[in-house]
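Need coordinates for the below:
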Amino acid sequence: SLHNTAGRGAFSTRALPKGTVVAPLPLIPVEARKAMKMVKGRKQLLLNYCLGHVDSSLLLVPYATVVNHVNHGGKNESNVRMRWSQSSLHLGKDLLKQPILELMRSPYGLLLELVAIRDIAEGEEILVDYGDEWQDAWNKHAKKWKNDEKNYVYASEYNSQMEVLKTHQELVSDPYPSNIRTT
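Sure thing, here's the model as predicted:
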């Protein structure tokens, strides 16, 4: 990504006019938000990539390969938005009107689309607005966060050095850096 606080980033490989469906976002429904809780009140990292509403137990996990690389652009830099699929090939459209249980039982799924909200140039990073709640949480985290520069290792750097995960026995004598965790 061109943003130093973001991940890898997704970039257009060709010019995309306003209104173009940039990518489909198929969704996996997760019925129980509490399934994302870990020990000691911590939450799964996957929760960062879920879509949901504070008043609902349902979470939706986008699982298209491109979605993992689309970063936050905020209100000013975003060039795509999410919308429910308008494709005639999407068979799960009626699920939006059904109870959660019906959604969970359906052989079809929900589908969002990333749609260009303005013309996007070839090579431009694809950015979406994660919303005010996410931005507020990020600002709060960034304000409190302190890294120990001497011992801090960026996960992306560490991943490029590793070929396989360490076993429990290997971790006893050669642990990961204090800021790197596996589940």
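
what helix or strand does M104 sit in?
helix 100-105 (DSSP states H and E).

Show me the contact partners of that helix.
P29, E31, S56, S57, L58, L95, L110 (C-beta atoms under 8 Å, 6 or more residues apart in numbering). In short, each C-beta sits where N, CA and C put it, glycine included.

For burial, what's the neighbour tally of the first one?
By other C-beta atoms under 10 Å, the residues close to P29 number 15.

State the distance from it to T65.
19 Å (C-beta to C-beta, to the nearest Å).

Next: the fourth one.
Going from S57 to T65 by C-beta to C-beta gives 27 Å.

that's a helix at N139, yeah?
Yes: membership of N139 in a helix is supported by DSSP: H, G, I helix; E, B strand; the rest coil.

Pairing partners for the longest strand seen in the chain, with directions?
As assigned by DSSP state E, the longest strand anywhere in the chain is strand 21-30. If you go by DSSP bridges, strand 21-30 pairs up with strand 59-62 (antiparallel), strand 110-116 (antiparallel).

May I see the ones you listed arranged in a markdown table, with distance to L101 as well?
As requested, the strands paired with strand 21-30 are arranged in a markdown table below (distance: least, C-beta to C-beta, whole Å):
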| stretch | distance to L101 |
| --- | --- |
| strand 59-62 | 15 |
| strand 110-116 | 14 |
